[in-house]
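Undergrad: sequence and predicted structure below; questions after.
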Amino acid sequence: MADESFVTLATNDSYVKGALVLGSSLRDSRTTRRLTVLITPHVSNPMRQVLEKVFDEVKLVDVLDSGDSAHLALLKRPELGVTLTKLHCWGLTHYSKCVFMDADTMVLSNIDELFEREELSAAPDPGWPDCFNSGVFVFRPSIETFNQLLQLATEKGSFDGGDQGLLNTFFSSWSTTDISKHLPFIYNLSSISIYSYLPAFKAFGTNAKVVHFLGRMKPWNYSYDSKTKTVKDDAHDPTMVHPEFLDMWWNIFITNILPLLQQHGAIKDTATGVKAEEVAEAVSHLSLSSPAQASSPPPAMSSEERKERWEQGQADYMGADSFDNIQKKLDTYLQ
Ligand code: UDP
Ligand code: GLC
Ligand code: MN
């Protein structure tokens, strides 16, 4: 199986945390395939060393950024232009077939059977199911495809400013031609679907094989209580209706990844030399060696923009529109 690999991507130290948990979950699933991570120059040296421990191949690539602010603004995710870097996965031509997985995914059981599928296999996107979600997909590395994708990106751009828009335009027959290329949703269960269709989650969720923490809030942005081994729900986050997956992510992080980070000095002094359990709390706001690349807070929004988003049903439940903030506002009116 040396010519087949799982592949992920991390352009900064925050997403490296996700890649490490994903890699560790794949190892725990006893995959027979290789593990590859694409990184860009911003990833710090200690983090690269830790990646070497978990992945068979750590490949440095250059950043491909759409810089397409208009489309990215529509998606409300200005940071996702950089996801075009994902296209480098087609350059891994020493493999005949690969499965790409976002760094914010985690496997719950062995998924090697995905290598029986053909390019381009993927699961529907929960926001627009005629599009596939590009967080998990089967592909065949090819320089020709890579060049065609780059050409499409330069000539036409991407309708969402990121890789998913571009890939859906390129593999546009996905939704209509071959049902075997429609991966079951259990291979890319996005956390938002849990609360947007809770009865379906209750009926089928136990079969889930891959969880995708899609959206602005990533597992590494939450606080974790090491005593209760649960993630704290300070902001009454609606995705927390089933926090088990977040707790699982953190459990892998604390057990398998944190010791490696400490060993390689990837955590600042305040957190080193202390027992893993004790630093769990500190790690939730982890300040890694490269502060510039650590998780940046979501971009500030004008109150007009916030109102617009609220009206579109896209409240920032974890931030400005959190329950606590709403209550504070109501209190000021009552006074
Ligand atoms: N990514 C990255 N750096 C970034 C943003 C994204 O490395 O600054 C990679 C990472 O693998 C991530 C993927 O691109 O999982 C897609 O982005 P994200 O998962 O944040 O998008 P979502 O699934 O939330 O739409
Ligand atoms: C999505 C996908 C993600 C992709 C992003 C930008 O929502 O989950 O993998 O990078 O859109 O296109
Ligand atoms: Mn993702």
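TA: All right, it came through fine. Ligands and ions are numbered 1, 2, ... in the order given.
Undergrad: mind listing what residue 113 touches?
TA: By CB atoms under 8 Å, 6 or more residues apart in numbering, the contact list for residue 113 is empty. C-beta here means a position set from N, CA and C on the backbone, and glycine is covered the same way.
Undergrad: wait, a helix at it?
TA: Yes - counting by DSSP: H, G, I helix; E, B strand; the rest coil, residue 113 is part of a helix.
Undergrad: count the residues that sit near residue 90.
TA: 22 (other CB atoms under 10 Å).
Undergrad: that one reaches residue 143, doesn't it?
TA: Yes - between residue 90 and residue 143 there is a contact under CB atoms under 8 Å: 7.3 Å.
Undergrad: how about the strands in this structure?
TA: Assigned by DSSP state E, the chain shows strands spanning 4-10, 34-39, 57-60, 97-101, 105-107, 121-124, 132-139, 189-190, 210-212, 224-225, 230-231.
Undergrad: quick check: residues of this protein near ligand 1?
TA: Residues of the chain found near ligand 1 (CB under 6 Å from any ligand atom) are 8-12, 15, 79-80, 82-83, 102-104, 135, 214-215.
Undergrad: what sits against the closest residue to ligand 2 within the chain?
TA: Per CB to the nearest ligand atom, residue 162 is where the chain lies closest to ligand 2, at 2.5 Å. Residue 162 makes contact with 66, 72, 75, 77, 80-81, 83-84, according to CB under 8 Å, 6+ apart.
Undergrad: any regions of the stretch 151-300 of the chain where pLDDT drops low?
TA: Scanning the stretch 151-300 of the chain for pLDDT under 70 picks out the ranges 235, 238-239, 241, 268-300.
Undergrad: check contacts around the most centrally placed residue in the chain.
TA: Central residue of the chain (CA atoms, centre = their mean): residue 104, 2.3 Å from the mean position. Listed by CB under 8 Å, 6+ apart, the contact partners of residue 104 are 15, 18, 135, 212-214, 218-219.
Undergrad: how about a cut-off of 10 Å?
TA: Residue 104 makes contact with 8, 15, 17-19, 21-22, 135, 190-191, 211-215, 217-220, 249, according to CB atoms under 10 Å, 6 or more residues apart in numbering.
Undergrad: drop anything exposed from those residues.
TA: In these, burial by neighbour count holds for 8, 15, 17-19, 21-22, 135, 190-191, 211-214, 217-220, 249, counting by 16 or more other CB atoms under 10 Å.
Undergrad: buried residues of stretch 53-67, list them for me.
TA: Of the residues in stretch 53-67, 54-55, 57-58, 61, 64-66 count as buried by neighbour count, 16+ other CB under 10 Å.
Undergrad: between the residues you listed, which is closest to ligand 1?
TA: Compare each of the buried residues of stretch 53-67 with ligand 1 using CB to the nearest ligand atom and the shortest gap goes to residue 65, at 9.8 Å.
Undergrad: where does residue 305 land on pLDDT?
TA: For residue 305, the pLDDT comes out at 58.
Undergrad: got it, and the one 4 residues further on?
TA: At residue 309 the predicted local distance difference test score is 57.
Undergrad: again, but for the one 5 residues further on
TA: Among the per-residue scores, residue 314 holds a pLDDT of 54.
Undergrad: ok, residue 86 next?
TA: For residue 86, the pLDDT comes out at 96.
Undergrad: so it touches residue 7, yeah?
TA: Yes - with contacts counted by CB atoms under 10 Å, residue 86 reaches residue 7, the gap being 9.0 Å.
Undergrad: which residues do these two both contact?
TA: Common contacts of residue 86 and residue 7 (CB under 10 Å, 6+ apart): 38, 100, 137.
Undergrad: I'd like those residues as a markdown table, with neighbour count, pLDDT and distance to residue 258 appended.
TA: Below are these laid out as a markdown table (neighbours: other CB atoms under 10 Å; pLDDT from 0 to 100; distance: CB to CB, whole Å):
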| residue | neighbour count | pLDDT | distance to residue 258 |
| --- | --- | --- | --- |
| 38 | 25 | 98 | 23 |
| 100 | 26 | 98 | 26 |
| 137 | 31 | 98 | 30 |
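Undergrad: that concludes my questions; thank you for your assistance.
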